[in-house]
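Q: sequence and predicted structure below; questions after.
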Amino acid sequence: MQCYKICKIILLLIISFSTQSWSAILNDSTKVIDSTAAVVEEPITVPEGTRLMVKLDKPINTAENPTGSVFTAVLETDLAVDGKVVAPKGSQVYGKVIESRGGRVLGGQKLIFQFTDLMINNQLTPILTDPMGVEGGRGNTAKMVGAGALIGSAFGGGEGAGTGALIAGGLAVLRSRGNHIQIPADTIADVTIKAPLVIK
């Protein structure tokens, strides 16, 4: 009888120890899972002064793009930070016409615009760039104004400049009928971001 009681006590101790061991193992596994789930990617900051190469996918001109109108463009090159691509080539870019004057306007013709938004991860992300564009001058000439540069067949007087390309200071601009300024499709705008862009 005494032996039976001792065996019973030993059996209870074994069961109790086993239960505690399994509980400890399960708790450790839960901790491992929780620590893995806590890993979160940090936001990426595109610094001020980063260059953007943006290509117009449609022409913009003073006849069809009044002040305040919105136009579209695409990235000509990848936007990358520390070797990581934030927005690939071909990403949609949106711009806004700041000033549009054409036709028989006192003071000459002018077409000024800036880029306002960039599509990143299927979300429209606001950006800030300096205004840039083209204005007409005396003697039926034209010149580029604002920050950045416009690059393309119409800006350099090459073979693709087309009929009506007017050269001034090494630059050219196409004019449509009615003495309007036109910046053709496929023109590339080389601009810089004027404020840091935080991407979450």
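A: Right, received. Where do you want to start? Numbers count the residues shown, from 1 in each chain.
Q: burial check on the closest residue to residue 147 other than its chain neighbours, number of neighbours?
A: Sequence neighbours aside, residue 130 is the residue nearest to residue 147 in space, at 3.6 Å (criterion: C-beta to C-beta, 6 or more residues apart in numbering). In short, each C-beta sits where N, CA and C put it, glycine included. Applying other C-beta atoms under 10 Å, we find 13 residues neighbouring residue 130.
Q: and residue 130, how far is that from residue 49?
A: 11 Å (C-beta to C-beta, to the nearest Å).
Q: shared neighbours of those two, anything?
A: residue 192 (C-beta atoms under 8 Å, 6 or more residues apart in numbering).
Q: before we move on, back to that, in contact with the residue nearest to residue 147, which residues?
A: Contacts of residue 130 (C-beta under 8 Å, 6+ apart): 114, 146, 147, 148, 191, 192, 194.
Q: what residues are up against the closest residue to the last one other than its chain neighbours?
A: Closest residue to residue 194 apart from its sequence neighbours, by C-beta to C-beta, 6+ apart: residue 128 at 4.6 Å. Listed by C-beta under 8 Å, 6+ apart, the contact set of residue 128 reads 116, 193, 194, 195.
Q: again with residue 88
A: So residue 88 contacts 75, 78, 79 (C-beta under 8 Å, 6+ apart).
Q: wait, isn't the second one in contact with residue 90?
A: No: look at residue 78 against residue 90 with C-beta atoms under 8 Å: they stay out of range, at 9.3 Å.
Q: now, which of the contacts of residue 128 lie within strands?
A: residue 116 (DSSP state E).
Q: show me which of the contacts of residue 128 is closest to residue 63.
A: residue 116 (22.1 Å; C-beta to C-beta).
Q: tell me the phi and psi of the residue nearest to the closest one when sequence neighbours are not counted?
A: Nearest residue to residue 116, sequence neighbours excluded (C-beta to C-beta, 6+ apart): residue 96, at 5.2 Å. Backbone torsions of residue 96, given as degrees, to the nearest 10, read phi -140, psi 140.
Q: what pLDDT is listed against residue 96?
A: Note for residue 96: predicted pLDDT of 97.
Q: equivalent analysis for residue 54, please.
A: So, for residue 54, pLDDT stands at 95.
Q: give me the neighbour count for the closest residue to residue 61 other than its chain neighbours.
A: Nearest non-adjacent residue to residue 61, counting by C-beta to C-beta, 6+ apart: residue 182, 3.6 Å away. Residues near residue 182, counting by other C-beta under 10 Å, number 23.
Q: next one: residue 182 from residue 64, what distance?
A: Taken as C-beta to C-beta, the span from residue 182 to residue 64 is 9 Å.
Q: remind me which helix or strand the closest residue to residue 90 other than its chain neighbours belongs to.
A: Closest residue to residue 90 apart from its sequence neighbours, by C-beta to C-beta, 6+ apart: residue 74 at 5.4 Å. According to DSSP states H and E, residue 74 maps onto strand 70-75.
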